[in-house]
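Q: need the 3D shape of this:
(one chain, ligands or ions: 2)
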Amino acid sequence: MGYRILETADIPAYLRERGHWDGSDDIGVREVSDGNLNRVFVASDSAGTRTLAVKQALPWVRVAGPSWPLSPDRSDAEARAYEQLARVAPGTIPAIHGYDPENHALVMEDLSDLRVLRTALNEGAAYGPDTSRRIGELVAQLSFATSDFGLDSAGRKALIAASANPELCKITEDVVLSEPYTEHEHNHWLPELDDLAAEFRADTRLRTEVADLRHTFMTGAQALLHGDLHTGSIMVGEREGAPVVRVFDPEFSFVGPIGFDLGLYWANALVSAERARALGTASDHADQLRVSWEAFENEFRRLWPTRVDTFFDDAYLDRFLRRVWTESLGFAGTELVRRIIGFAHLTDLTTLPNPAPASRRALLLGRELILHRTELTNARAVRSLAESLV
Ligand code: SR1
Ligand code: MG
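A: Residues are numbered from 1 along each chain as shown. Ligands and ions are numbered 1, 2, ... in the order given. Below is the predicted model:
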């Protein structure tokens, strides 16, 4: 039948055709699309006891419409990433009930009893002890298992080839890792930040450092990444009294530098800290970089004795982790910058009553992280830097 764009009214028949829903009960459907690229529907029975989510990739960027075409094949990358994540961290992703490559649609567990981490933080929640720890562990588990430490050489080459995701990598190379430092129609910012936006475009040293990070992103095939690990790609909540963390939306997944996943998470945590500081609601926000790094490092070191290639010795592990740390800081800096003067901004800042001061601080912090990433050798130094900015 070919690819068809699903509308709300199509979902009940679609779920039945695909064998995801039997019985004749009424299926209620609501569209809950929230991200920049895709559509998401939640289907439920009349009692609300049975629910499923359907995510479909459109042939364009959802928030831009047909003027920004984008192949719906990105859903293949997402389905592949979920397969890998299900192997290493099944409890930290939604249950996947099926993938329909023809319609670029995933049918999965409905997570609407949970809250998007960004939304929860924006509404005043703290991170608590589990979220960043779990994210750090997840990045370690996924990256170790899909690196040259977790897979043999031939398996790695096959993974790299199978995980190519050129269109979405190009989006990142553009909107995160170059456009904000150039004149580009995608860029926009608050008028109060005109001076900094102009400075960033004119700063040749900054541009060279971003070029270095961009090239690392393009060539540093260390491990399979989530690829877009911001606080809008994480759900949190409680089920049966226990904390729940679920990572979703891995459509930007590809084999790249591990620091890109950590860096995105860190930047979004740092922005949440700026919001909390601006509102006077800061609690554990500023500690999340440390918590996630320690969890990542501990889990990676725990897995290290299981590596498939022992030519990589313990001294190399120390060097490797140091490199991941430094690159993570640099990528965090680029994520901060693009979220304030690039295409896609963050509600953490845009919904503040007076967004300019916090946005300025985050922008300055981003530049410092990019320029001084090799000198910032621990989380305490990053925290002091963030607190020192006026
Ligand atoms: C055109 S897409 C812009 C951003 O949305 C996605 O969530 C990614 O973060 C991407 O960079
Ligand atoms: Mg997304």
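Q: near ligand 2, which residues of the stretch 201-350 of the chain show up?
A: Counting by CB under 5 Å from the ion, the residues of the stretch 201-350 of the chain close to ligand 2 are residue 249. (Glycine included, C-beta is placed from N, CA and C.)
Q: for ligand 2, what's its nearest residue on the stretch 201-350 of the chain.
A: residue 249 (3.7 Å; CB to the ion).
Q: contact partners for that residue?
A: Shown in contact with residue 249 (CB atoms under 8 Å, 6 or more residues apart in numbering): 35, 78, 228, 232-233.
Q: does it lie in a helix or a strand, and which?
A: For residue 249, there is no helix or strand it lies in under DSSP states H and E.
Q: any idea of the pLDDT on it?
A: Looking at residue 249, its pLDDT is 96.
Q: that one and residue 78, how far apart?
A: 7 Å (CB to CB, to the nearest Å).
Q: now do the SS call for the closest residue to residue 30 other than its chain neighbours.
A: With CB to CB, 6 or more residues apart in numbering as the criterion, residue 30 has its nearest non-adjacent residue at 5.6 Å, and that residue is residue 42. Of the three states, residue 42 takes strand under DSSP: H, G, I helix; E, B strand; the rest coil.
Q: residue 42 touches residue 52, doesn't it?
A: Yes. Between residue 42 and residue 52 there is a contact under CB atoms under 8 Å: 7.5 Å.
Q: what's the overlap in contacts for the two?
A: Common contact partners of residue 42 and residue 52 (CB under 8 Å, 6+ apart): residue 110.
Q: between these two, which is the more surrounded one?
A: Neighbours were counted for residue 42 and for residue 52 using other CB atoms under 10 Å; residue 52 has more, 22 against 17.
Q: quick one: low-confidence ranges for the stretch 151-300 of the chain?
A: Within the stretch 151-300 of the chain, no stretch has pLDDT under 70.
Q: picking that back up, from the contacts of residue 249, which single one is nearest residue 374?
A: residue 228 (25.6 Å; CB to CB).
Q: apart from its chain neighbours, what residue comes closest to that closest one?
A: Residue 228 sits nearest to residue 252 (CB to CB, 6+ apart), 4.1 Å away.
Q: got the phi and psi for the one you found?
A: Per-residue torsions, residue 252: phi -90, psi 10 (degrees, to the nearest 10).
Q: the one 4 residues further on now?
A: Residue 256 has phi and psi values of phi -150, psi -160 when expressed as degrees, to the nearest 10.
Q: run through the bridge partners of it.
A: residue 223 (DSSP bridges).
Q: now do it against residue 373, distance only.
A: Per CB to CB, residue 256 is found 17 Å from residue 373.
Q: neighbour count: these two, which is higher?
A: A direct count of neighbours by other CB under 10 Å for residue 256 and residue 373 places residue 256 higher, at 27 against 24.
Q: what's near enough to touch the more buried one?
A: Residues near residue 256 by CB under 8 Å, 6+ apart: 169, 217, 220-223, 225, 227.
Q: just among those, which is most surrounded?
A: Result: residue 225 is most packed of those (other CB under 10 Å), 29 neighbours.
Q: for the residue of the stretch 251-390 of the chain found nearest ligand 1, helix, strand, or coil?
A: Distances between the stretch 251-390 of the chain and ligand 1 by CB to the nearest ligand atom are smallest at residue 344, namely 4.1 Å. For residue 344, the assignment made with three-state DSSP gives coil.
Q: same question for residue 107.
A: Once three-state DSSP is applied, residue 107 turns out strand.
Q: phi first, then psi, for the residue of the stretch 201-350 of the chain closest to ligand 2.
A: phi 60, psi 50.
Q: and what about the most centrally placed residue in the chain, helix, strand or coil?
A: Centroid check for the chain by CA atoms, centre = their mean gives residue 229 as the closest residue, at 1.4 Å. Under three-state DSSP, residue 229 falls in the coil class.
Q: isn't it up against residue 142?
A: No. The criterion here is CB under 8 Å, and residue 229 misses it with residue 142 at 10.1 Å.
Q: got the end-to-end distance for stretch 63-75?
A: Taking CA to CA, to the nearest Å, the first and last residues of stretch 63-75 lie 17 Å apart.
Q: please apply the same query to stretch 372-379.
A: 13 Å.
Q: that one: which residues count as buried?
A: 372-373, 376, 379 (16 or more other CB atoms under 10 Å).
Q: do a quick rundown of the strands in the stretch 201-350 of the chain.
A: Secondary structure of the stretch 201-350 of the chain (DSSP state E, counting those that start in this stretch): strands at 223-224, 234-239, 242-247, 255-256.
Q: which of those sits closest to residue 29?
A: Among the strands of the stretch 201-350 of the chain, the nearest to residue 29 by CB to CB is strand 234-239 (20.0 Å).
Q: okay, now the sheet partners of that closest one, with direction.
A: Take DSSP bridges as the rule and strand 234-239 pairs in its sheet with strand 115-116 (antiparallel), strand 242-247 (antiparallel).
Q: which residues sit against that strand?
A: 111, 113-117, 120, 131, 135, 243-248.
Q: in it, what's buried?
A: For strand 234-239, a neighbour-count test (16+ other CB under 10 Å) marks 234-237 as buried.
Q: dump that strand to CSV, restricted to CA.
A: In CSV, the C-alpha atoms belonging to strand 234-239 read as follows (Å, rounded to 0.1, in the frame of the first residue of the first chain):
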residue,chain,number,x,y,z
ILE,A,234,13.7,11.6,29.1
MET,A,235,10.5,10.7,31.0
VAL,A,236,10.5,10.5,34.8
GLY,A,237,8.0,9.5,37.4
GLU,A,238,7.0,6.7,39.7
ARG,A,239,5.4,3.3,39.2
